[in-house]
Each structure stands twice: as C-alpha cells, then as structure tokens.
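Novice: build me a model:
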Amino acid sequence: MTNRRNPVSSSDRERKQRSLFSARKVALMASVVAGLAISGFGPSSNHFDILGSAAHAGVGNAVSSAAQPIGFADTVERVKPSVISVKVTMKDKATNANAKDEDGEPGSPMERFFRRFGPNGGPQNPERKGGHGEMMGQGSGFFISSDGYAVTNNHVVDGAEKVEVTTDAGKTYTAKVIGTDPRTDLALIKVEDGSDFPFAKLSEGKARIGDWVLAVGNPFGLGGTVTAGIVSASGRDIGSGPYDDFIQIDAPVNKGNSGGPAFSMLGEVVGVNTAIYSPSGGSVGIAFSIPASTVKSVIAQLKDKGSVTRGWIGVQIQPVTQEIADSMGLKKAEGALIADPQKDGPAAKAGLEPGDVITGANGQPVKDARELARIIGGYAPGSTAKLDVLHKGRQKVVSLTLGELPNAQQTKSDAEGDGKGSSHDTDVPRLGLTVAPAGKVDGAGKEGVVITKVQPKSAAADRGLKTGDVILEVAGRSVSNPGDIGEALDAARTDKKNSVLMRLRSGEASHYVAMPVANG
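Specialist: Sure thing, here's the model as predicted:
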C-alpha cells in the first residue's frame, strides 16, 4: 500500500498565509497600543481598553486639536473696527497733458516702481465723473487715535480735492490731509467731525519671517475685506526710492488695499500695505508693506509739522559691488562708495572725497548705500554724525553736521553727445571705447575725457558706458587725455590687477565702474 498525502490547494496556502500575517499584524498593533496605553493593563486584567484608556484619549484629543485650522476671528473682531475705506475726488488731470496717472507722477519713486513691477495695490482705478472734469479713487486706511487721525498712502490722497472715509460701522465722514511724505508713500489724514473712534496700535517690535499677518482693507471697493498670510521676507528694496525697507507678505492684497494695515496676531499694525508685484494686476501672493517703525517716525513728523525733514550729508553714493571691492582691495563688498561729494555740502566740508567708502555711521554698520541713506535720513538736520570711512586704504572717523535733505532734487538730462566724434578722437581698444579730451568736445565741460563711441559687445558696453559719459579718473588718477587712460591701465597690469576703478560723470551724476584690465 502506498501512503499518499492529501494535496494542499493553493487557496488553503493563501488562507494560512493570511492567517499568519493577521496574527503578526495583531501582535504588532497590540505592542504599539500597549506602548501608547500602558495604563490600560493591570495584573488583575488580561485585556485592555483601547478606546477608554486615558493615554489614548489624550493623544486623540491632541490630534483632533492639531487637525483643526487656526482661526483669526477673535483678532479680526478686535482690529477690524479701526480700518476705514478712503474715497477721494480729484481733478481729471488727463485733460492737462496727462500730468498724472493712477500710478504716480512721472519720474516719481512710486512711478518708477510701477513701471518696473507692474500695477500697484491701489488705489482702485479712478473713475471719471462725466462732464465734471473730476475723478474718483478709493483706497484704505486705519485710525491711529480716538480723535480721528488716520494713516493711508500718499498715492491714495495725492492731488485729492476731497477726501471721505467710511468706517467699519458704515458711517461716512469728511477728512482733510494733514501731511504727506512721497519718499515713503505715507500720508496722515484727520476726520473733521466725530470722536471716540476705535484705533489701532503700531507695533513696537519687528515682524519676523513666518509670522502670521492679516491684511484688512477695501479691495475693489469691498470694504472690510480680511485676508491672511505670513511674512515672506523683510528689508525688501523694490526700487521705489532710497528708503526702501519693505516687509513682503503673501496675504492677498489687491487694488484698493493701499494704505490699509497688516496686523499681527497680537492685533498690532506691523505694516502699511502699499504695493504688489503682479503682471496681471491681481494678487499673486507678493505684496509689500511699509514697516511700523518707519510709519511711526514719519507720522509723528507729519502730525507735528505737516512735513518730513531728514538728515543729509550731500554725497552721491553707490553700492560696493564685488568687482569694485576687488578693484579697491577690499575684503568684503560692503559699505557705501562716495562717487561725488556735492559742492559746499556737509561731506565736502568735512573733507570726504570721491572713492572714500563709508562703512559705519554713529556706531551702526553700513552694509550698502541704501542702508546709509536710511540711517542718515533717520536723524534730524543739525545733528552730528560720526562716519567710519575707508580713505585710500586706511580707516578713519569723520564727524560732520547733517544738513537738511532738499525736498526736490533738481536733475538735468544726460548729456548724450552728438555721436559725431571729433578730430581729437582716440581709440582705447582694450575697453572698446573711442574718447577725446572733454575740452575739445562741445558741451562736455573741461574736466576728464569724453566717450565719443562705444563698441557693441565690448567691456565698456557690458558695463553700461555710453556716448557722452565723461571719464574723470582711472585707478585713482585724474585723466585729461586718452594717453592718461592707457598709462593707468598699463600700471594696473604691471601691478597684476584684474580690474581698475573708473570714475564717470553721466549727466549731472557721478559713479564708479570696475573695468577689466585686458592683456595685450
């Protein structure tokens, strides 16, 4: 007799494998739950209560709490009554040679920003009132005191003949403009009637990247709109002026939000919304707010005297690029390079010269030209400033008395030259230039060497040199004829330098450019 085993079907094998897997799975789950709910076990009990254990309940509650979104309702309820909608009436300047459009005066800092970044965050597109030569615009703002003082943007009320504000409660009041500051795009207005207004507090601290913010305002005329986001960045330079120090937020901001506040979760104003980056005109999550510290200092002066005065040292300055730093033998590309001290200005009187680098002011380090402008602008005219200056490779301290920054800088058009050259033209092939003594070219002045031609795709063209620019110095040496340029380049090459610093005058402004020293 032959013994035969009963055949095992494939289905039987699968059931056994599933059974084994289930047993291991239960054991693993039991060990995990035992770790989370060990208090459910006891020597008198051979079972445990998963759902009823204290540890599980604690974990469950924590997970449930964390899963719920953070709400802003309490903060909004506190701060929203302080926010106002601002409505302005102005003359239709389009009938006056288009003197001004909604994005600011031509040539103004804000107009330059809008040309660079696209449409702004407000005011809402002005509407023309048929047949009356008037335009209507809308923006936002917020009360800063119970007696009706409110903050908004300069570009919201600039040129306004009539200003009305509507509160969160729906009441409308007439307001007057107390003062404006175009350089920071801030304005102070005051409600003429009424009192005991709810008001917001300006933050004493600095907004941190990652902090929550709430933008409240009047986008597209929809008053009382609240949006949320975070602080995306700080210290942004958007090219609107020398005092740029914007907070970047991603809370949705649109036309009409201009002048409205950005609140922290403490209910304090950390910034005033002023512009957005947007190719289309709508929010793409990049908005810029004026920090509360700037708002406080500017508004205090506007309330006191209706205008803002700033300290001034009277220099044309520019950033120290890495190329310039290498040319000057500096370890770091930091500081503010003096291109030209203005005649009879505080800096000139104190002995500062072109090529000096300001590295500190009143104990504060100066990282770049923009930071120097902010530091000096924060002091009152007549104050004393101590500047740390790098002069011809040596550090020194210079004390000077600040003047007052002029309200309007007069500028003249660049002298482009006629491009025809002269019989005194000389080529500088190493740089891709043709030059002539300035005194031999009409309108070029008497100092330096004027550029009469720039070769395309040359070193000079790559660095923005153009016909009509006047070369004043090369490697710290004054130049008066083309030969001086060649001698300075030869000396730099002998010293094994890779580049030299060239001082130029373009129109009425002076600046430095680092030019490569070519071999041959």
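
Novice: please count neighbours and contacts with C-alpha atoms only from this point.
Specialist: OK.

Novice: sheet-wise, list the partners of the longest strand along the chain with their directions.
Specialist: The residue-count maximum for a strand in the chain (DSSP state E) belongs to strand 225-236. Strand pairing for strand 225-236, using DSSP bridges, gives strand 212-217 (antiparallel), strand 246-249 (antiparallel).

Novice: what does that strand rub up against?
Specialist: Applying Cα atoms under 8 Å, 6 or more residues apart in numbering, the external contacts of strand 225-236 come out as 76, 207-219, 244-253.

Novice: narrow these to those that are buried.
Specialist: Using 16 or more other Cα atoms under 10 Å as the burial test, these include 76, 207, 212-219, 244-253 as buried.

Novice: restricting to C-alpha, output stretch 490-507 in PDB.
Specialist: Listed next in PDB are the C-alpha coordinates belonging to stretch 490-507 (Å, rounded to 0.1, in the frame of the first residue of the first chain):
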ATOM      1  CA  ASP A 490      49.400  99.700 -18.000                       C
ATOM      2  CA  ALA A 491      50.200 100.500 -14.400                       C
ATOM      3  CA  ALA A 492      47.400  98.300 -13.200                       C
ATOM      4  CA  ARG A 493      48.500  95.400 -15.400                       C
ATOM      5  CA  THR A 494      52.100  95.800 -14.100                       C
ATOM      6  CA  ASP A 495      50.700  95.500 -10.600                       C
ATOM      7  CA  LYS A 496      48.900  92.300 -11.700                       C
ATOM      8  CA  LYS A 497      45.400  93.800 -11.000                       C
ATOM      9  CA  ASN A 498      42.500  92.200 -12.700                       C
ATOM     10  CA  SER A 499      40.400  95.400 -12.900                       C
ATOM     11  CA  VAL A 500      40.600  99.100 -12.200                       C
ATOM     12  CA  LEU A 501      38.100 101.500 -10.800                       C
ATOM     13  CA  MET A 502      36.900 104.100 -13.300                       C
ATOM     14  CA  ARG A 503      35.000 107.300 -12.100                       C
ATOM     15  CA  LEU A 504      32.500 108.600 -14.600                       C
ATOM     16  CA  ARG A 505      30.200 111.600 -14.900                       C
ATOM     17  CA  SER A 506      26.900 110.800 -16.700                       C
ATOM     18  CA  GLY A 507      24.800 113.900 -17.000                       C
END
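
Novice: and it, which residues are buried?
Specialist: Neighbour-count burial for stretch 490-507 flags 490, 492-493, 497-507 (criterion: 16+ other Cα under 10 Å).

Novice: quick one: distance of it to the chain centre.
Specialist: Distance of stretch 490-507 from the chain centroid (Cα atoms, centre = their mean, to the nearest Å) equals 33 Å.

Novice: try stretch 189-205
Specialist: Taking Cα atoms, centre = their mean, the mean C-alpha location of stretch 189-205 is offset from the chain mean by 26 Å.

Novice: now do the buried residues in it.
Specialist: Across stretch 189-205, burial judged by 16+ other Cα under 10 Å covers I189, K190, V191, F197, P198, F199, A200, K201, L202, S203.

Novice: closest to F143 out of those?
Specialist: Distance to F143 across the buried residues of stretch 189-205 (Cα to Cα) is lowest for F199, with 4.6 Å.

Novice: before we move on, the earlier item: so for T401, which of the strands paired with strand 225-236 sits nearest?
Specialist: strand 246-249 (28.7 Å).

Novice: contacts for the closest one?
Specialist: Outside strand 246-249, the residues within contact range by Cα under 8 Å, 6+ apart are 207, 213, 229-238, 271, 285-291.

Novice: packing partners of the following helix or strand past it?
Specialist: Using DSSP states H and E, the helix or strand that follows strand 246-249 towards the C-terminus is strand 261-263. Other helices and strands packing on strand 261-263, by 3 or more Cα pairs under 8 Å, 6 or more residues apart in numbering; DSSP states H and E, are strand 212-217, strand 268-276.

Novice: average model confidence for strand 261-263?
Specialist: Here strand 261-263 scores 97 as its mean pLDDT.

Novice: swap in stretch 472-479?
Specialist: 86.

Novice: quick one, domains of this structure?
Specialist: Using automatic domain parsing, the domain parsing of the chain gives 71-304, 311-404, 426-516.

Novice: what bits of the stretch 151-300 of the chain have low per-residue confidence?
Specialist: 240-241 (pLDDT under 70).

Novice: that should have said the stretch 301-450 of the chain, apologies.
Specialist: Within the stretch 301-450 of the chain, the stretches with pLDDT under 70 are 407-425, 429.

Novice: show me where it has helices.
Specialist: 322-328, 346-349, 369-377 (DSSP state H, counting those that start in this stretch).

Novice: got the ones you listed as CSV, with distance to L472 columns?
Specialist: Shown next, in CSV, are the helices of the stretch 301-450 of the chain (distance: least, Cα to Cα, whole Å):
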stretch, distance to L472
helix 322-328, 16
helix 346-349, 18
helix 369-377, 22
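
Novice: looking at those, which is closest to Y149?
Specialist: Y149 lies closest to helix 369-377 among the helices of the stretch 301-450 of the chain, at 24.6 Å (Cα to Cα).

Novice: list the helices and strands that closest one packs on?
Specialist: strand 311-312, strand 315-319, strand 336-341, strand 357-361.

Novice: which residues are contacting that helix?
Specialist: So helix 369-377 is contacted by 242-244, 310-313, 317-319, 335-337, 361, 366 (Cα under 8 Å, 6+ apart).

Novice: from these, which is closest to T166?
Specialist: Closest approach to T166 among the contacts of helix 369-377 (Cα to Cα): D244, at 30.0 Å.

Novice: how far away is the closest one from I290?
Specialist: Distance from D244 to I290, counting by Cα to Cα, to the nearest Å: 8 Å.

Novice: go on, R493?
Specialist: 47 Å.

Novice: then V76?
Specialist: Using Cα to Cα, V76 is found at 21 Å from I290.

Novice: okay, angle between the helix or strand containing G139 and strand 268-276 too, please.
Specialist: If you go by DSSP H and E, G139 is part of strand 134-143. Orientation note: strand 134-143 sits at an angle of 150 degrees relative to strand 268-276 (axes from the mean of the first three to the mean of the last three Cα atoms, to 10 degrees).

Novice: may I have the strands that pair with strand 134-143, each with its orientation?
Specialist: In the sheet, strand 134-143 lines up with strand 83-91 (antiparallel), strand 124-129 (antiparallel), strand 149-153 (antiparallel) (DSSP bridges).

Novice: tell me the buried residues within the contacts of strand 246-249.
Specialist: 207, 213, 229-234, 238, 271, 285-291.

Novice: near the nearest residue to A348 once chain neighbours are set aside, how many residues? Count them for me, please.
Specialist: Leaving out its chain neighbours, the residue that sits closest to A348 by Cα to Cα, 6 or more residues apart in numbering is P341, at 5.5 Å. For P341, the count of nearby residues is 23 (other Cα atoms under 10 Å).
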